[in-house]
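structure for the following, please:
(4 chains)
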Protein chains: 2
Amino acid sequence: MISPLALAIIEDQAAIRDTLHEYLCAQPEFRCVLMAESVEAFLRDLPTAAVPPQLILSDIGLPGLTGIEGIPLIQAQLPGAQVLILSVYADAERVFEALRAGAVGYLLKNTPLAQLKENLLQVAAGGSPMSPGVARFVVQAFRHQPVAPAAFPLETLLPEPLTARELEVVRGIEDGLSYQLIADRHFISLDTVRSHIRNVYRKLQVNSKAELMARQLKRQRG
Amino acid sequence: MISPLALAIIEDQAAIRDTLHEYLCAQPEFRCVLMAESVEAFLRDLPTAAVPPQLILSDIGLPGLTGIEGIPLIQAQLPGAQVLILSVYADAERVFEALRAGAVGYLLKNTPLAQLKENLLQVAAGGSPMSPGVARFVVQAFRHQPVAPAAFPLETLLPEPLTARELEVVRGIEDGLSYQLIADRHFISLDTVRSHIRNVYRKLQVNSKAELMARQLKRQRG
DNA sequence: CGAAAAACAACATATTCATGTCATACCGCC
DNA sequence: GGCGGTATGACATGAATATGTTGTTTTTCG
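Below is the predicted model of the structure:
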């Protein structure tokens, strides 16, 4: 840690705000540069801050603008800042709104202070901490969305069956990777990839990456 | 904790598998009911398990089916089971695929064992643990999304329209032809084909034949 | 008409790919 | 124990591809 992280807190309840301030600013990792009881107050006082905040811990339920509505406004002023939401609301809709607005994480107010500190550090390190139930909402939003069919057109109708390793290499090609990237993906050498490709080409009777992929394309529609 | 959580592990590297087994099964919270080195082996040995696993910790890079491809198959056999991914891959595309397939969380292999244990318990408690960088990908996928994350258009980012000639050239590529053959097909010079390809690559944001074809493959199934 | 877009083309250079040849190691199996 | 198959890897060479720069001609459209 070269220098402490410039932290700002937006929270309307004085008791909670003070608790957060006392605890977090006692930590050597942070430096509290701004405390506000609303988004409006935050934006108003921003020019007075000694250092522009890098991390902003914000409530949602605030007088005036909500914390969610504030995110784009804050980011317009502080392009590099990251907003972490700290809210009592645990409903999926509000979580999605916050993330769409640009929040980098979403914690519930029952989060222990020690953990809150850890989570703020995670944000600074490029993480996106979310309270357990919140994360589950987010993950579930992905579910049963366009999934590549788990059926394998390749395994069927093959003149000569490919080995597991060969299939992995073929998948790399289908993903549009170069030999080097395929090698990295499977922790084998470039020459080994070449070796497998060679055998695949013989088995499938093709002579280039393009022919191999054209084969797959045809198989998909035909 | 009334009874230990029934845990299964799918990991091809014996050393890692053994480490996970030794550590996790020494914990009173867990009971390892199945260890497998591939999805296929897992499904094969599933009937022999004394208790059906509730939690499944799975690698992605496996011989044969990948861990991602395995999720729907596993859930078909174990409707109540939750699959947590433990992978070396930290790319956004793979994370999204895993979550779409039904994974409840995504951890990187550099996760300390103690934390891994905590994360497994979180899963059982309805959480969705993700390694910091992974969570950030997921959160960013929500950003500036108008409404529900109904469709995740990572490539639906409207491509600049291709001209008629450019489309003809792209079709040639999809047919697996070399530049020279495409040139012959349309009675234009090799350099002209290059010229068109260059523009197509810029418009579609790709840098190789393989990426272009991978895009088409994805478009067809996705 | 005149500007913009598209099509066509050449030249150069760097990277990636296809292919040949060869070698080592492990595994299952008769 | 040897044999075939799979996985791994090195080295080398010519072909194909990617990319930059720079043109001319044709078509499209305000």
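
how about the most centrally placed residue in chain A: what's its closest non-neighbour residue?
In chain A, the residue lying closest to the centroid (CA atoms, centre = their mean) is residue A:128, at 6.1 Å. Excluding the flanking residues, the one nearest residue A:128 by CB to CB, 6 or more residues apart in numbering or on different chains is residue B:135, at 3.6 Å. C-beta coordinates here come from the backbone N, C-alpha and C atoms, glycine included.

give the contact list for that neighbour.
When contacts are counted by CB atoms under 8 Å, 6 or more residues apart in numbering or on different chains, residue B:135 touches A:105, A:127, A:128, A:129, A:130, A:135.

and stretch A:59-73, what's buried?
For stretch A:59-73, a neighbour-count test (16 or more other CB atoms under 10 Å in any protein chain shown) marks A:59, A:60, A:62, A:65, A:66, A:67, A:68, A:70, A:71 as buried.

closest to residue B:173 among those residues?
The nearest member of the buried residues of stretch A:59-73 to residue B:173, counting by CB to CB, is residue A:71 at 42.7 Å.

dihedrals phi and psi, the closest one?
Per-residue torsions, residue A:71: phi -50, psi -50 (degrees, to the nearest 10).

isn't it up against residue A:97?
No. Judged on CB atoms under 8 Å, residue A:71 makes no contact with residue A:97 at a distance of 9.6 Å.

how many neighbours does residue A:46 have?
Neighbourhood size, residue A:46 [other CB atoms under 10 Å in any protein chain shown]: 17.

and if you look at residue A:113?
There are 13 residues near residue A:113, going by other CB under 10 Å.

so what's it closest to, chain neighbours aside?
residue A:23 (4.8 Å).

which residues sit in contact with that neighbour?
A:113, A:116, A:117.

okay, it: pLDDT?
As predicted, residue A:23 sits at a pLDDT of 93.

same question, residue A:126
85.

and for residue A:193?
At residue A:193, pLDDT is 94.

contacting residues around it?
With CB under 8 Å, 6+ apart, residue A:193 has these contacts: A:169, A:172, A:179, A:182, A:183, A:186.

distance check, the third one against residue A:168.
Think residue A:179. Distance, residue A:179 to residue A:168, using CB to CB, to the nearest Å: 13 Å.

in chain A, spot the helix with the most residues.
Taking DSSP state H as the assignment, the helix of chain A that covers the most residues is helix A:190-204.

list the buried residues of that helix.
For helix A:190-204, the neighbour count (16+ other CB under 10 Å) marks A:192, A:193, A:196, A:197, A:200, A:204 as buried.

swap in stretch A:5-17?
In terms of neighbour count (16+ other CB under 10 Å), stretch A:5-17 has its buried residues at A:5, A:6, A:7, A:8, A:9, A:10, A:11, A:12, A:17.

in which helix or strand would I find the last one?
Assigned by DSSP states H and E, residue A:17 belongs to helix A:14-25.

hey, C-alpha coordinates of that helix in CSV?
Taking Å, rounded to 0.1, in the frame of the first residue of the first chain, the C-alpha atoms of helix A:14-25 are listed here in CSV:
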residue,chain,number,x,y,z
ALA,A,14,-25.8,10.2,11.3
ALA,A,15,-25.3,7.2,13.6
ILE,A,16,-24.3,4.9,10.9
ARG,A,17,-22.3,7.5,9.1
ASP,A,18,-20.3,8.2,12.2
THR,A,19,-19.8,4.5,12.9
LEU,A,20,-18.4,4.0,9.4
HIS,A,21,-16.3,7.0,9.6
GLU,A,22,-14.8,6.1,13.0
TYR,A,23,-14.0,2.6,12.0
LEU,A,24,-12.8,3.0,8.5
CYS,A,25,-10.7,6.1,9.0
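
and the helix or strand following that helix, what other elements does it pack with?
The helix or strand immediately downstream of helix A:14-25 is strand A:30-36, counting by DSSP H and E. Identification of packing neighbours for strand A:30-36 by 3 or more CB pairs under 8 Å, 6 or more residues apart in numbering or on different chains; DSSP states H and E yields strand A:5-10, helix A:14-25, helix A:39-45.

now do the second one against strand A:5-10, angle only.
Looking back up the chat, that one is helix A:14-25. Here helix A:14-25 runs at an angle of 180 degrees relative to strand A:5-10 (axes from the mean of the first three to the mean of the last three CA atoms, to 10 degrees).

and stretch A:114-133, end to end?
Start-to-end span of stretch A:114-133 (CA to CA, to the nearest Å) is 19 Å.

that'll do, ta.
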